[in-house]
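In: Kindly generate the corresponding structure for this input.
(chains A, B and C)
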Amino acid sequence: MTNHLLSVILFFPVVAALAILVIPASRVKAIRWVSFVASLVPFLISLLVWLQFNPYQEGYQFEEQFIWYSAISSSYHIGIDGISLTMMLLTTLLTPLAILASFTISERVKAYMALFLMLETGMLGVFFALDLLLFFVFWEIGLVPMYFLIAQWGGEKRNYASIKFILYTMAGSLGLLLAIQLIGVTTGTFDLPKLMEIWKDKQLSIFGLSTSAVKAIAFWAFVVAFAIKVPVWPFHTWLPDAHTEAPTAGSMILAGVLLKLGAYGFLRLVLPLYPMESRQFGGALAILATLAIIFGALSAFSQNDFKRLVAYSSINHMGFVILGIAAAAWQAGSVNANLALNGAVLQMFNHGLSSAGMFFLVGVIYERTHTRKLEDYGGIYALVPVYGSILIFTAMSSLGLPGLNGFVSEFLVVRGALPVFVLPTALSMIGLFFTGAYILKALRSVLHGPVNEHLHGHLSEINLREILVIAPLMVLMLWIGLAPAWIVEVINRAVMFAFSAL
Amino acid sequence: MQFPLLSVIIFLPALAGLLILAFPESRKNWARWTALGFSVVDLILAVVLYLLYNTATGNYQFIERVNWLPALGISYYVGVDGIGVPLVLLGALVVMCGTLVSWRIEERPREFFSFLMFLGTSVLGVFCSLDLFMLFFFFELAVFPKYLMIAIWGSPKTREYGAMKLTLYLFIGSMVALVGALAMYFASGKNTFDMLELEKAGFDTTFQRLWFPFVFFGFAVLGGIFPFHSWAPDGHVAAPTAVSMLLAGVEMKVGAFAALRVAIMLLPDGARAWAPLIFGLATVNVVYGAFIAMIQTDFKYVIGFSSVSHMGLVMIGFATLTREGLLGAGLQMFSHGVMTALFFSVVGMVYDRAHTRDIDKLGGLVQKLPLATLGFIVGGLVSMGMPGFSGFIAEFPIFMGAWKAAPLVAVIAILGVVITAAYILLVIRRVFFGQASPSLDLAHITGISVQDKVVVVMLSLIMIALGCFPSLMTPILETGVDHILKLVGGA
Amino acid sequence: MNAGMFQPWMILAILPEIGLVLLAALVLAFDLRWHGKKAHRLGWLTAGGLLVLMALSLIFARPSSQPLIFGGMLRMDSSAFIFRMVFLMGAALTTLFTMDRKSANTRGEFFGLLITATLGMCLMAASADLVMLYLAIETTSIPLYILAGYLIRDQKSTESGLKYFLYGAVTSTVMLYGFSLLFGFAGTTQIYAIANQIKSGSLPVYLPIMAALLIVVGFGFKVSAVPFHFWAPDVYEGAPTPVTGFLSTASKAAGFSVLIRFFLAVFPEYAPTWIVMVSGFSAASMILGNVVAITQKNIKRLLAYSSIAQAGYILIGVAAGSTLGIAGSIFYLVSYLVTNLAAFGIVELVGRSVGSDSLDAYNGLSRRSPALALALLIALLSLGGIPPFGGFIAKLLVFAAAVKAGLVWLAFVGALTSIAGLYYYLNVLKIVYLYPTPKDSKPLVFTTPWRIGLAICIVGIILLGTVFGPWYSWTSIASTSLF
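Out: The predicted structure is shown next:
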């Protein structure tokens, strides 16, 4: 298959961003609509790709390869399998929704929209890349627009949060960068499919260390970079600040897609490149995941800032992704592992939906009340019943209520991981209990109880645009919750092809 | 006889300089337009050179040779290899941009533009020299324009000190290198300054080890190597905008280029023996330079020290003596040249309007100078080694080379990247965003001129284009690197 | 010495010297006629005459295949020829710079003395006999003593003349003692004959060394090398500026011409010894001259110390003792001549207009006259050894010679001290370009002859620094002729 659909998806947003820069800054409306329409284009093409994608074919599809940096034999090599396909869809779906959610931004709209579109390219590139260097390129590039989105349009502590976000991630990437260089130097190629074959058997020695020691270090360099992004406890401290301070749409994308980049890194790079080390250190990873689940939930429970609470919930949910990955690392190729991986990938998708939805809803209420403190709300269900219902629905998805999407993926992860790691999984299930606790706490203090007098008359119902943002997410939540086969099949095949050989 | 492209490129600026001196002093615009016209033509010719350079045959091309002093084997001998071609382009580019950003100079513009043009001839001459004598000739030619331009048009507080420090530092370096070069001339027994001949001279190992440090470090002073770097920040800060651009953007490359061409290529055994020391010092450059940049409160000093940090990477690339390292060093020279020229031009635009460079007293400038802000951000991203920009494609191979030659260096030097990110982002935020300090009257700050816009846009686009398409430049550099590897016998 | 016996063509060989005598007489004669009213013409006469003599020298008095003439009194080889051109050139330029100086142009003696000194120099460069040499040195020195003290109403000038005379007399006595020592043992005054005796080993071993030590005092005084430099700053400061220029260039070149010929001809056997000696003088001159110059506040004193330092650089070439080294030294002298004359020419003009030689007088010179500032820049940078000016090539040549001769340390001393040199030259330029013009600054008075003189110097500096091929080959021939 040699069409350039992926490249079109990848670079259309950049082209659109440049086009937006040409529009006069005063024509705010035009800018908004052009960006929105432009962001729909990649979504529509990715639907087309989804339809054309053959889940039963092994390997990567829609591959494209050009020489990019011949001097160090790196090429522009992109392609997708079922895992990246899912992530692509998530990204191209969330971006237009986030842009639609950003119509309330009125300061420097042009720059905002351009950055948003560039951000989309950065994220998609990571999912498409089949070249280690290219992967890193997009991995880092995505940081820049996000940094500026937080720093320019964020909340009160945006300066601190944005710097913390970018430095944390960049510092985390240093090890990754070094390890990539090491791989490039020792193998002479950055091409992922090739590396997957040769790197695991490669013998090398530096600083007088043995092959296994060097590889273990390189493994941890990868893991730390991705763990910071996910984030896995204890590398998570940037996240609450960044999420809380980011503008609503920024939080949506951060939680919805950016966190997935880290998990995707585990799937695409860590497991295939370091099967031995994965097996060796899978247990440690599982423990970290469990701690993330438990501490994430406990921390979320103790927050009284609505947005911060949702932010901590991400740590909790992403813990399940990591738990699934850890299980697969420990028992690569087994049925349990495949189940767990299926769950992990689906959880990535689901968390993308629910967290984006939650952050959006927090944003909706914040715009009306200008407070995020839980105690400043209260009883608003009575004032805004539609909003309240939507919030409950989305929160239930996040909580993992059977019948909604969160349940399916968490069940798969737990089912796959339980035989592998009995104790950590059991503890994680206790974590699930806390998840219920903090979500219900949030719902109670926001929606129920006595109506806060300040809010009377100031609170307007959710409007049509906002409903349009949340509706697709809700549809998907329900759809996956009731009939997950369409997506699970794609993921399952991809997981089998990719990991059964290990 | 073919068209003497290189000679025309080298001497066009000097011709412009002489012409400008001949104008009456009152005709300020004549000086400006002449400088601009000549430098534009020069840039076009440099682009032509870049396009015409045949990467298939490689080696030295566009050779011209005229006997100068046959008795001593001195000739006017120009030619460029794959390392030199991008640098010629860089030189012509920065000279033109320097002319544009200096458009508003009202204080003796005639002398200013004339000296600027002489400086241009000096740097271009070095990049094209195939004769050791000629290399020194052009190298030293830069002394008086540099000194006078800093001393006359520099920032009033430090210009005398900065100008003198810079000039003397560089003069010391070049003098030491000169003695080393003379030793090479006699030791070769060939009675020629022809560097192509000297490449084949086969100096014995003891000789090479003895003389390499003199020649290398002599030139590397201009490249800003630790601990001889302190001229750079002081000089850059004291200099007027265009000179800072040329100094940091091109002159530092002249030093690095000469260190490569004369020391490493002619004394390869020496280079191998001394590589560990260069690694050590250059790593200090990278990390220490970045740390010091972080604690500066003067906007321009931040950029001054960042140059020190980045030039360290070039030196690391040299010291690896590997394909990747040298290639990366070549790219880094170009990339850093463009980047720092952009930085200094934006610093100049800010200073001209705000009349202060104190970071604490700036802020919120994005409202008035959006394009300059954007340019500075692009420069900052290049500086941070952000993928998609030229800095990344330059630094990446350098680190790969370091992995091959000295892994520890790679591990330590990479710290510089994150420190750089920290100070660049802090500076961007404090200068361009956030609240303007009360002392800064934002309302009276005017937008940047058309000339400034051209500079910002052009330099930014070049870095992005190179970052996205490294093969715009790598084939040419590779031919140069191949030649060096043949000499040093490395892999 | 049959070859040296008198023959009619030998007259031709010294035609320029004879011409100098005639010119001096002519100037003195016309002085009576033009006295006071048309004094300007005297200058033109002198300069024109010197120019004619240069042409004559070029046409008729070229070095012949048989250089030793007049019974071995003179040796008219390429070296003598080149130096003669240098002296004539120096005298002509000095004349051009002096012509409009009120205190000088009214009296013909000034030019007469100048011409006489030039005559002595020409003979110095050609002398091959101790007696001839001594006479030539004195013919040079005595007019210069008078010229240095020429401004009799100016205390400094008189002091300068007296000081110069006293130092000159003492050192020349010591030198004469050295000559007599050589003559006493060798029984001949012809230096090439003495050389043969030394070679054959018929003289006591210590004698040539002792003689060399005594003689070098005289030569060292002439070239103002450390430690025989004490006179220079005071004399340079006090003497009329054009005379200072002449002293620092032509007179120094004359000293070097003798020094080089004498040491190469008489003591080749003792080369290792005197090379150490000369290297020592050279290093000391470079260090002391350059370091002390930094603190000077008077431009003439500054240039005096710079001139001491320059002597050190020229001595590098001598210390190298090779054809390359000597060629380098001669090249250096030629380039130094035009450069330093240009510098003193400018000092003369500024001093004449402003009435001061203090560095403050140069504040903001570039605003008063950009062209003059540019000329000063060229001169000073050439002194500092910066391309594309003559000084760069000259320095490069002597350094190269030192490296080739294994005197790497000397080359390093030269390289490092030249940084101090650049420092104070740039300091002057800083004053010229950077400092504001004083409000009550007097206008600069340019005159035509001065302009011509300066133009020649500047063109010379640039030509020497760019098209150095032909100049170098001449100095190279001159150098070869000495071995």
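In: could you show me where the strands are in chain C, in order?
Out: C:68-69, C:74-75 (DSSP state E).
In: mean pLDDT lowest for which of the ones you listed?
Out: With a mean of 80, strand C:68-69 has the lowest mean pLDDT of the strands of chain C.
In: mind checking how far that one is from the chain centre?
Out: In terms of C-alpha atoms, centre = their mean, to the nearest Å, the centre of strand C:68-69 is found 25 Å from the chain centre.
In: mind listing what that strand pairs with, with the direction of each?
Out: Strand pairing for strand C:68-69, using DSSP bridges, gives strand C:74-75 (antiparallel).
In: Strands along chain A, start to end?
Out: Using DSSP E, the strands of chain A run over A:61-69, A:74-80.
In: How about the residues of chain C by chain B?
Out: Proximity of chain C to chain B, by C-beta under 8 Å from any C-beta of the partner chain, involves residues C:366, C:370, C:374, C:377, C:381, C:384-388, C:392, C:396, C:399-400, C:403-404, C:408, C:411-412, C:415-416, C:418-419, C:422-423, C:426-427, C:429-430, C:433-434, C:468-469, C:472-473, C:476. For every residue, glycine as well, the C-beta is placed using N, CA and C.
In: excluding its backbone neighbours, what's nearest the residue of the stretch 51-200 of chain C found nearest chain A?
Out: With C-beta to the nearest C-beta, the shortest gap between the stretch 51-200 of chain C and chain A falls at C:Ile82, namely 56.8 Å. Excluding the flanking residues, the one nearest C:Ile82 by C-beta to C-beta, 6 or more residues apart in numbering or on different chains is C:Ala478, at 4.3 Å.
In: try B:Met339
Out: B:Val382 (4.5 Å).
In: what does the model give the one you found for pLDDT?
Out: With respect to pLDDT, B:Val382 scores 91.
In: Run through the residues that contact B:Leu72.
Out: Counting by C-beta atoms under 8 Å, 6 or more residues apart in numbering or on different chains, B:Leu72 touches B:133, B:191, B:193, C:400, C:472.
In: Inside helices: which ones of these?
Out: In this view, these that belong to helices under DSSP state H are B:133, C:400, C:472.
In: Now that the last one has come up, it's in contact with C:Gly328, right?
Out: No - using C-beta atoms under 8 Å, C:Tyr472 makes no contact with C:Gly328, being 9.0 Å away.
In: ok, how many other residues are close to residue 181?
Out: Answering for chain A, as no chain was given. 28 (other C-beta atoms under 10 Å in any protein chain shown).
In: looking at chain C here, not the other one
Out: When neighbours are counted by other C-beta under 10 Å, C:Leu181 registers 17.
In: and what of A:Leu178?
Out: A:Leu178 has 20 nearby residues by other C-beta under 10 Å.
In: The spatially closest residue to it that is not a sequence neighbour: neighbouring residues, count only.
Out: Distances taken as C-beta to C-beta, 6+ apart put B:Ile414 closest to A:Leu178, at 5.9 Å, once the chain neighbours are dropped. B:Ile414 has 21 neighbours, counted by other C-beta under 10 Å.
In: repeat for B:Asn29
Out: 11.
In: got the phi/psi numbers for it?
Out: phi -70, psi -30 (degrees, to the nearest 10).
In: Distance check, it against chain C.
Out: According to C-beta to the nearest C-beta, to the nearest Å, B:Asn29 stands 18 Å off from chain C.
In: Local confidence estimate at that residue?
Out: B:Asn29 is assigned a pLDDT of 86 by the prediction.
In: Enumerate every residue touching B:Ile292.
Out: Applying C-beta under 8 Å, 6+ apart, we find B:Ile292 in contact with B:305, B:308.
In: for C:Tyr167, same thing?
Out: Applying C-beta under 8 Å, 6+ apart to C:Tyr167 gives the contacts C:221, C:230-231.
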